[in-house]
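K.L.:
Predicted structure and sequence below. I'll ask about it afterward.
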Amino acid sequence: MHLLPSSNPNFTLFFTSQNPTNLSKCTLHIPRCSSRDSSSAPVIDHASALPYSDSTSYAAAAVVSTKEVASKRPTDSSPEDFLVVRRPAMESSVGDYDEDGLKSTAAIDDGLAKFAKKIPIFEPRERVESGSLQGKPLPVNLDLALYKAKVLNRSYRFAEAEEILQKCISYWPEDGRAYVVLGKTLSKQSRTAEARAVYEKGCQATQGENPFIWQCWAVLEKSMGNIRRARELFDAATVADKRHTAAWHGWAVLELKQGNIRKARSLLAKALKFCGGNEYIYQTLALLEAKANRFEQARYLFKQATKCNPKSCASWLAWAQMESQQENNGVARRLFEKAIQASPKNRFAWHVWGVFEANVGNVDKGRKLLKIGHALNPRDPVLLQSLALLEYKHSTANLSRVLFKRASELDPTHQPVWMAWGWMEWKEGNITTARELYQKALSIDSTSDTAARCLQAWGVLEQRIGNLSAARRLFRSSLNINSQSFVTWMTWAAFEEDQGNSIRAEEIRNLYFQQRTEVVDDASWVMGFLDIIDPAIDSVKRLLKLDQNPSTAPQDSLRRMAVIDDNYTDENSIGVYSNDNYKESDSGFDVDAFITERLYLDPNKLDYLLEKTRTNFAKRSRGKFSRVSS
């Protein structure tokens, strides 16, 4: 049956007869409504009328409910009669009139009632009576809501963000992004059980086909120490999408922390095979090569990482740190400059570069770089911590205390700040204050690597003042957290030797060598790996000199490094090489001009911004630290 809509109140209803070649035509007349005859004329509720498109072959507007039909419907109607057929009173050219003067339309009513039960354009009673359509919001609302939730998370307004994300999940349960953001929101609040439940619900809602949820769930389990479960979830993420780089990389990092070097290499190679070039994969592989003292290979991989993404600040920084460890200061400085140009406001770039300059003797430049980083990131405690240590070494302890205080208030849960502050107070002879600060650091987290270093430093403090039993307990506690710390083992052995216990000292050294994790690594994997990243294997072999035995290369040669030859670099090559040594050359990079043009930061106001911070916190801490500074 086809109902053809028309703007005219008189429209034609076509329906199929038993003979498909013939169509019967029935003309229906819709009476016009007037305010004077509202009792007999039907009332059409335009607010509840269903919209219809040209693609719909039925005139849904021709069937609207009357008040009389709704009022006469029995209350105990069966579910089959639940749908209400909305129609106006119609006149027919054939048939008898009833006592009210209207023609009988029972036959048409019955037909439309049955038809309405099969076609979705007819609405249930509760939606008809409400007079409004409960439509699904447009997808653009999901994007806006997710963005708003992320903004709220950055402002630590987790409750508001969580409410928005729950609504997103209710409206769009099949979209995995809301589950990911909500899980991260709960994880930031240490609500790990709830975050796990959200990820599990998301995997079920997306039928296990969303790799982002699997990957975030794996990261959560890894942070909780559930290594086996994390492996299973990373595996599920790669099964859901083998081109999901984050899952391969996260899984490889997990294996690296577990000491499974070859497994990690295999995962990274698969990532490059399935996902193509990626700066994170190349960067991790480069760091592995640098750790194995294969610096030519490391440089090649760093170069690949920066080619994949020239704006990858992390790759430039990692490369710069490798060169700085090899005392190639000119090369490192140029790499730091490229890191800053790639990400001008990156707090890590300004921090690491500033510490580098201070360590090589450029104290004023290092201080300036840290101040720039603080001006760009006033909420970062690490920059203030390093600046406080720099000021303690080259300025005054009082200024250092003010900076430490400011850093601890920015992030009271940042353990390194409390530990570094405690170390400074110990050097100043304030033993009681140092103990309090060490205790504060341990109260935040007693199982982290920072806690292990804090216990070791506290043990040295107790050793220096003669509390020998306390020192032994602290060394033992530190090793219970991190049994691979060479510094702690040797410090404890030296302590016992100073006390005349040479046999005990030798036993401690033997214990270290017996329990340490031996990491076995070799260069054989490189041959198969380079088949993936470069088909021209012969030229790469000559470039990296893989035919040479890597064991014959000196392990401690810091200055005599392998050459970055002309075929390896381009016009943006880093550093100048001559006679097996890197030579420093002026790159012409002007920090003041850069921050003025790119960051709109006045170099002359750096001291003012720091002085403002120092003054504000000096007023608060005056008197509190008067005993300490005396």
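P.N.:
Done, it's in.

K.L.:
any idea how far residue 438 is from residue 322?
P.N.:
33 Å (Cβ to Cβ, to the nearest Å). C-betas here are computed from N, CA, C, even on glycine.

K.L.:
Also residue 603?
P.N.:
Counting by Cβ to Cβ, the gap from residue 603 to residue 322 is 30 Å.

K.L.:
which residues in the stretch 301-450 of the chain form strands?
P.N.:
Per DSSP state E, counting those that start in this stretch, the stretch 301-450 of the chain carries no strands over any range.

K.L.:
pLDDT weak spots in it?
P.N.:
For the stretch 301-450 of the chain, applying pLDDT under 70 flags no range at all.

K.L.:
Would you state the helices of it in chain order?
P.N.:
Using DSSP state H, counting those that start in this stretch, the helices found in the stretch 301-450 of the chain span residues 313-325, 329-342, 347-359, 363-376, 381-394, 397-410, 415-427, 431-444, 449-464.

K.L.:
Among those helices, which comes closest to residue 186?
P.N.:
Among those, helix 431-444 comes nearest to residue 186, with 20.3 Å by Cβ to Cβ.

K.L.:
Just want the angle from that closest one to helix 397-410.
P.N.:
Put simply, helix 431-444 runs at 20 degrees to helix 397-410, going by axes from the mean of the first three to the mean of the last three Cα atoms, to 10 degrees.

K.L.:
Tell me what angle helix 431-444 forms with helix 415-427.
P.N.:
Going by the same axes, to 10 degrees, helix 431-444 makes 170 degrees with helix 415-427.

K.L.:
about what we covered before: of residue 603 and residue 322, which one has the most company?
P.N.:
residue 322 (22 against 16; other Cβ atoms under 10 Å).

K.L.:
Quick one: classify the residue lying closest to the more buried one once chain neighbours are set aside as helix, strand or coil.
P.N.:
Distances taken as Cβ to Cβ, 6 or more residues apart in numbering put residue 290 closest to residue 322, at 4.8 Å, once the chain neighbours are dropped. At residue 290 the chain is in helix, as set by DSSP: H, G, I helix; E, B strand; the rest coil.

K.L.:
Look at residue 290 and say how many residues are nearby.
P.N.:
Neighbours of residue 290 using other Cβ under 10 Å come to 22.

K.L.:
Okay, strands next: where are they in the stretch 451-600 of the chain?
P.N.:
576-578, 581-583.

K.L.:
circling back to that earlier point, need the helices of the stretch 301-450 of the chain in a markdown table (columns: distance to residue 479).
P.N.:
Output for these, formatted as a markdown table (distance: least, Cβ to Cβ, whole Å):
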| stretch | distance to residue 479 |
| --- | --- |
| helix 313-325 | 26 |
| helix 329-342 | 34 |
| helix 347-359 | 28 |
| helix 363-376 | 34 |
| helix 381-394 | 26 |
| helix 397-410 | 28 |
| helix 415-427 | 17 |
| helix 431-444 | 15 |
| helix 449-464 | 8 |
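
K.L.:
Out of those, which is closest to residue 477?
P.N.:
Using Cβ to Cβ, the helices of the stretch 301-450 of the chain put helix 449-464 closest to residue 477, at 5.0 Å.

K.L.:
List the buried residues in that closest one.
P.N.:
Within helix 449-464, the residues scored as buried using 16 or more other Cβ atoms under 10 Å are 450-463.

K.L.:
what do you get for stretch 357-376?
P.N.:
So for stretch 357-376, counting by 16+ other Cβ under 10 Å, buried means 357-358, 362, 365-376.

K.L.:
cool, stretch 257-273 as well?
P.N.:
261, 263, 264, 265, 266, 267, 268, 269, 270, 271, 272.

K.L.:
quick one: average pLDDT of it?
P.N.:
Taken as a whole, stretch 257-273 has a mean pLDDT of 92.
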